[in-house]
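In: Sharing a model prediction with you, sequence too.
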Amino acid sequence: MPTFPFISLRRTPPPRFRRIGWILCVCLAPALAPTPASAKGPEKLKVIALADLGQQATGGRPQTPGNTVATVHFAGEHHLLVTFPVRRLMKRLPDTLPTDDDRMIEAVLVDIPSGKVAARTTWRVHDAGQYLWDLGGGRFMLRFRSRLVTVEPLANLSKSDPFEEHKLLTFDDRIVGLIVSAESDLLTVETTSRPLEDVTKVAIKTSDADVIISFFRLTYTPETVIVSHAGSVRSSIPLALPLTADGYLDISEESKGRWLFDYLPHEGKKLELSPYDTTCFPRAVFVSRSEFVAFGCRGSLDKVEIGGFNMKAEEMWEQGFTDNFAYPNFSFAPASGRFALGRALTSVSLSMLGQDQEPVGDLLTGQDIQVYQAGTGRAVFHTVVTPVQRTGQNFSLSADGMQIAVIRDAAIEIYQLPALSSHDKQEVKANREFALEHATGPIRLPTRTRVAAAVAEATPPPVPSAPPPPAPAASAQAATPGKPQVIENPIPVGDVPTPEGRKRPTLYGPDESAPK
């Protein structure tokens, strides 16, 4: 699950309270799209108690509502990777830093049919940030400060150490954001060398430091993960960029209440996509290489909606939201055209909170989890669970989109989801085969894109897993080669560029013109 929590939709925070899009709080509200009565609903397949896997009663430390209690991810068709904090004696390490907040994390590989533990290990992490990302195919990425490694416990189950770590990337600077794309083929890493003004479990607040945003293409062999540096940009502010390994989504305002989406491939020609009617800046998230969803507003900032879009210039569906929630998180299954969206429900609207308050503690009432068919917006699964986890990872969609695992109270529940309809299969096939050029070259953001990205930062989009609150990195060789592209003269918050290179809609024919 790549990641973005969010800035409130109701206002633009002052510069010193800017927050990275994937770890902040966006005030949205859920849409409950019912499954047709004729369709077979989800079936509960298995319940596995966390205590049977070794979770201690208090989870290793007193729990604050919203903090991570446990994580769950599918590892292949018949296994889960489950992690949770535990109490262990910890020796002082030679490289211990004053800002360290060490935790011991138990990781267990669970056989779903039997509920038995197939393998287990313990990790020592050094801060309260997210430490685990799903790379697909049973592979996972771990973060220890600013060092990234991979593990593949299912493939290595016959070895003496199924959780053997393999080096991926190491940075001198501290990591302030990590995003894995929906297709697991692009890794975005954001780093800064400056000290942090404040680090919390909810938001990242940085000084006016340079932030280097580095892009890495990920390819996979049976033996390893191949990482290829695809470029870097330098910014004075953290940016939430709606991009894939193949292209970037440029967002511009055509007129009041109407926004334009342009897909700018890293290699190839620009695609003009469907416009989106919204009275607030649209926040877009790619759910596959050829589909994305965007959050917008209808009149009031409290009236939030979501729309689904494809690369054929179609707005496929649109739904309104009714409840208050924060901290959206995603889990993707692009092969089936499905994605799961989790939201922390709140007892009050964020408009009732103070300017810089986040919904925490008793304000979080439950976690709403839905699985959507991306092509139609139909919800094929819906539940509300507790405890709430602001960073998500308490739900996981299987790679084929046919099962979902959720953490409810002190147990993991696995559900069988309805099969794809013939229409769904046709939609998925058409979108997967749409002729987008696969890019292999460098990723560089053109001027229009850079401007749009700077605007988007002021109200960042929700995204797939929440990036970690940063921690100081141990000294190591930086893995990002090359000189970063500089993002110059970003537009001040509140200013919006006019579209360039795109003709405005008109009712006049090709040989007609407006009267002078």
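Out: Thanks, I have it.
In: so where do the helices sit in this protein?
Out: Assigned by DSSP state H, the chain shows helices spanning 422-433, 447-458.
In: Of the ones you listed, which shows the lowest average pLDDT?
Out: Lowest mean pLDDT within the helices of the chain: helix 447-458, at a mean of 41.
In: Which stretches in the stretch 101-250 of the chain count as strands?
Out: Using DSSP state E, counting those that start in this stretch, the strands found in the stretch 101-250 of the chain span residues 103-111, 117-125, 132-136, 139-144, 147-151, 166-170, 174-180, 186-192, 196-199, 204-206, 211-220, 225-235, 247-255.
In: any idea which of those strands is most buried?
Out: Highest mean neighbour count of these: strand 174-180, a mean of 25 (counted as mean count of other C-beta atoms under 10 Å). Every C-beta, even on glycine, is put in place using the N, C-alpha and C of the backbone.
In: Could you report the separation of residue 223 from residue 155?
Out: Counting by C-beta to C-beta, to the nearest Å, the separation of residue 223 from residue 155 is 9 Å.
In: do residue 317 as well
Out: Distance, residue 317 to residue 155, using C-beta to C-beta: 38 Å.
In: swap in residue 276?
Out: Counting by C-beta to C-beta, the gap from residue 276 to residue 155 is 42 Å.
In: More neighbours: these two, which one.
Out: Higher neighbour count among residue 276 and residue 155: residue 276, with 21 against 16, using other C-beta atoms under 10 Å.
In: Does the more buried one touch residue 282 like I think?
Out: Yes: if you go by C-beta atoms under 8 Å, residue 276 and residue 282 touch, sitting 5.2 Å apart.
In: how about low-confidence regions in the stretch 301-450 of the chain?
Out: Scanning the stretch 301-450 of the chain with the threshold set as pLDDT under 70 gives 354-356, 435, 446-450.
In: Now do the strands in it.
Out: Counting by DSSP E, counting those that start in this stretch, the strands of the stretch 301-450 of the chain are 315-320, 325-333, 338-346, 364-373, 379-385, 395-397, 403-408, 411-416.
In: partners of the first one in the sheet?
Out: Each strand paired with strand 315-320, and its direction, by DSSP bridges: strand 300-310 (antiparallel).
In: do the same with the third one
Out: Sheet pairing for strand 338-346, assigned by DSSP bridges, gives strand 325-333 (antiparallel), strand 364-373 (antiparallel).
In: Pick the most deeply packed of the ones you listed.
Out: Buried most deeply of the strands paired with strand 338-346, by mean count of other C-beta under 10 Å, is strand 325-333, with a mean of 28.
In: now that strand: how far from the chain's centre is it?
Out: Between the centre of strand 325-333 and the centre of its host chain there is 7 Å, according to C-alpha atoms, centre = their mean, to the nearest Å.
In: Hey, what's the angle from it to strand 403-408? Just curious.
Out: 150 degrees (axes from the mean of the first three to the mean of the last three C-alpha atoms, to 10 degrees).
In: Mean confidence (pLDDT) on stretch 177-187, please.
Out: 95.
In: Could you number the chain from 5 rather than 1 from now on?
Out: Renumbered: residue one is now 5, and that last one reads stretch 181-191.
In: May I have the distance across it, first residue to last?
Out: Taking C-alpha to C-alpha, to the nearest Å, the first and last residues of stretch 181-191 lie 10 Å apart.
In: about what we covered before: between residue 280 and residue 286, what contacts are shared?
Out: Each of 263, 265, 298, 300 lies in contact with both residue 280 and residue 286 under the rule C-beta atoms under 8 Å, 6 or more residues apart in numbering.
In: Just the ones in strands from the residues you listed, please.
Out: Applying DSSP state E to those, the entries found in strands are 263, 265, 298, 300.
In: show me what contacts the third one?
Out: For residue 298, the set of contacting residues under the criterion of C-beta under 8 Å, 6+ apart consists of 265, 280, 282, 286-289, 310-311, 313, 465.
In: In JSON lines: the residues you listed, plus distance to residue 222.
Out: As requested, the contacts of residue 298 are arranged in JSON lines below (distance: C-beta to C-beta, whole Å):
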{"residue": "265", "distance to residue 222": "25"}
{"residue": "280", "distance to residue 222": "30"}
{"residue": "282", "distance to residue 222": "32"}
{"residue": "286", "distance to residue 222": "27"}
{"residue": "287", "distance to residue 222": "25"}
{"residue": "288", "distance to residue 222": "22"}
{"residue": "289", "distance to residue 222": "19"}
{"residue": "310", "distance to residue 222": "28"}
{"residue": "311", "distance to residue 222": "29"}
{"residue": "313", "distance to residue 222": "25"}
{"residue": "465", "distance to residue 222": "22"}
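In: Can you tell me which of those is closest to residue 377?
Out: Taking C-beta to C-beta as the measure, residue 377 sits nearest to residue 310 out of the contacts of residue 298, at 13.3 Å.
In: Surely that closest one and residue 297 touch.
Out: Yes: using C-beta under 8 Å, residue 310 is in contact with residue 297, at 5.7 Å.
In: any idea how far the closest residue to residue 114 other than its chain neighbours is from residue 112?
Out: Spatial nearest neighbour of residue 114, chain neighbours left out: residue 84 (4.6 Å); criterion: C-beta to C-beta, 6 or more residues apart in numbering. Between residue 84 and residue 112 the distance is 8 Å, computed by C-beta to C-beta.
In: for the stretch 55-204 of the chain, which spans come out with low pLDDT?
Out: Using pLDDT under 70, the flagged stretches of the stretch 55-204 of the chain are 62-69, 198-204.
In: Go again with 90.
Out: 60-72, 92-94, 96-105, 132-133, 180-181, 196-204 (pLDDT under 90).
In: For stretch 411-424, which residues meet the burial criterion?
Out: By neighbour count on 16 or more other C-beta atoms under 10 Å, the buried set for stretch 411-424 is 411-412, 415-422, 424.
In: Also stretch 74-86?
Out: 74-80, 83-86.
In: Tell me which of the strands paired with strand 342-350 sits nearest to residue 249.
Out: strand 329-337 (13.8 Å).
In: got the angle between the closest one and strand 136-140?
Out: 30 degrees.
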